[in-house]
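# give me a model of this one.
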Amino acid sequence: MLFTVRWLAAELTENKGNTESETEIKEVSTDSRKKMNSALFVPIIGENFDGHDYVQQAVEHGAAAILWDKKRRLPAKLPADLPVFFTDDTIAALQKIAENYRMEVDPLVIGITGSNGKTTTKDMVRAVVETTYRTHYTLGNLNNHIGLPLTILSMKRDTEVLVLEMGMNQFGEIDKLSRLAKPDYAIITNIGESHIEFLGSREGIANAKLEILHGLHENGQIIIDGDEKLLEKLHEQKNVITCGYDKTNSKVIEIINMEYNRTDFNVGNKFNFTIPLLGSHHVHNASYAIAIGELLKISQENIQQALQKLSRTSMRFEMIKGMNGASIINDTYNASPTSMKAAIDVIRQMDGFHHKILVLGEILELGAYSEEMHRSIAENIIVPITDVFTYGDEAAFISDSVSANNEDIHCQHFTSKEALLQEVKSYLREDALLLFKASRGLQFEKLIEEII
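The predicted structure follows:
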């Protein structure tokens, strides 16, 4: 049980129906199509839909109570005793309920934001923390103004630690999430270029990410990318832990060994850690989880065990075998200039391949910065990369820049996925390593499905 109808009535006093009952609310749902178990149904108004239109279906599927926008007419066919809670804004009411429930359960809250690596870091932190504490965490990509309160409202009452991913694309969004969640620990993974079209500059992006501090507990701890110059103003604060490769960081990362399916490293001590992931960017993410583990007094043995057993989120630097024994890295979940450069750096470091092929797609939502950002990726494309194939109008700037500066790398831009796929197929052999990376909207995973 989350709470009772009577509990809701104390939160939302304008209501009708049997709102004084002890009927248990066991879940909160915004999807009328799904079967519910004594749920509070929250009708959301979107650009192309209105959940209020489907309240009858929600009741038939198990809604025990509903929120309702008071500007809309309540359907006459609803049961007379159905608890209905009226509000000016159903999303705002959802957030209010989530905030109050979070305060009542009162877990330790870890908030995670950043341009890249949020979900990977969240998975790592969750894995470490749940070795010792009853843990609840963001599922999938429920990290926005609707997803975060739904995550809070799906935690059990005995939860000890709540791990929340916080996403955004405009100023003020992280501020709202932070004030709602009230984190005890805040992690900023990095500052990249995602949403620069809306935020104007990397400085703007940094300021938007720093909004996570607005709701931070007065004695809260902050864990940041210590190598990021845009976060340097935090370095002198006593409650800040900096993680990075620069020797000035409070937790200095050293990579010891990188193999086909693992990276060995340490973070400023004699204890070595291993993750089943490749690349310095994944090690950076792991350092945040290690820092959290140490703050929560989790043993280094438990931290290591958790990191070793990590399960990789689908389409995030996923190594798979393709046709003719070719090695394929599926990193198609999404892309930014920073994450694309990091992935390319890993490919360069991997040994045992005669052909190293980059299949890169356009990065969306860069606005006026698009050409500059795409061309900047070429700076990371050097030998031993052998081939670069690009797709999408803006991605042509990558292959053009590589061609202009490195005649040893074969480059080709494609305007159709069919032509790109045929060219890729001719490179599939046992000594070939292929990286697929693009913005989510390009659906590059469908190309991979054709060659495995």
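
# hang on, residue 412 in a strand?
Yes - applying DSSP: H, G, I helix; E, B strand; the rest coil, one finds residue 412 inside a strand.

# what residues are bridge-paired with the closest residue to it other than its chain neighbours?
Leaving aside its sequence neighbours, residue 412 sits nearest to residue 389 (Cβ to Cβ, 6 or more residues apart in numbering; 5.5 Å). Quick note: C-beta positions are derived from backbone N, CA and C, even for glycine. According to DSSP bridges, the residues that bridge with residue 389 are residue 359, residue 412.

# so how far is residue 361 from residue 389?
Residue 389 sits 10 Å away from residue 361, going by Cβ to Cβ, to the nearest Å.

# more crowded one of these two?
Taking other Cβ atoms under 10 Å, residue 389 and residue 361 do not tie; residue 361 has more neighbours (28 against 25).

# now that one: closest residue in space that isn't a chain neighbour?
Distances taken as Cβ to Cβ, 6+ apart put residue 438 closest to residue 361, at 2.4 Å, once the chain neighbours are dropped.

# hang on, that neighbour packs against residue 339?
No - if you go by Cβ atoms under 8 Å, residue 438 and residue 339 don't touch, sitting 10.9 Å apart.

# what about residue 223, helix or strand, and which?
Using DSSP states H and E, residue 223 sits in strand 221-225.

# which strands and helices sit next to that strand?
Strand 221-225 sits against strand 185-188, strand 240-244, helix 280-295, with contacts defined as 3 or more Cβ pairs under 8 Å, 6 or more residues apart in numbering; DSSP states H and E.

# tell me which of these sits nearest to residue 307.
Among those, helix 280-295 comes nearest to residue 307, with 5.9 Å by Cβ to Cβ.

# list the buried ones in the closest one?
Within helix 280-295, the residues scored as buried using 16 or more other Cβ atoms under 10 Å are 280-294.

# what about the helices in the stretch 51-200 of the chain?
55-60, 90-105, 118-129, 147-152, 173-181, 196-199 (DSSP state H, counting those that start in this stretch).

# who's in contact with the fifth one?
The reference is to helix 173-181. 95, 98-99, 102, 109, 111, 113, 144-145, 148-149, 152, 162, 164, 166-168, 186, 208-209, 211-216 (Cβ atoms under 8 Å, 6 or more residues apart in numbering).

# could you do the third one as well?
Residues from elsewhere that reach helix 118-129, judged by Cβ under 8 Å, 6+ apart: 110, 112, 114, 135, 137-138, 141, 143, 161, 163, 165-167, 187, 189, 275, 277, 282, 285-286, 288-290, 292-293, 296, 298, 302-303, 306-307, 309-311, 313, 316.

# rewinding a little: export the helices and strands packed on strand 221-225 to JSON lines and tack on distance to residue 178 and mean pLDDT?
Listed next are those as JSON lines, based on distance: least, Cβ to Cβ, whole Å; pLDDT from 0 to 100:
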{"stretch": "strand 185-188", "distance to residue 178": "8", "mean pLDDT": "98"}
{"stretch": "strand 240-244", "distance to residue 178": "16", "mean pLDDT": "98"}
{"stretch": "helix 280-295", "distance to residue 178": "17", "mean pLDDT": "96"}
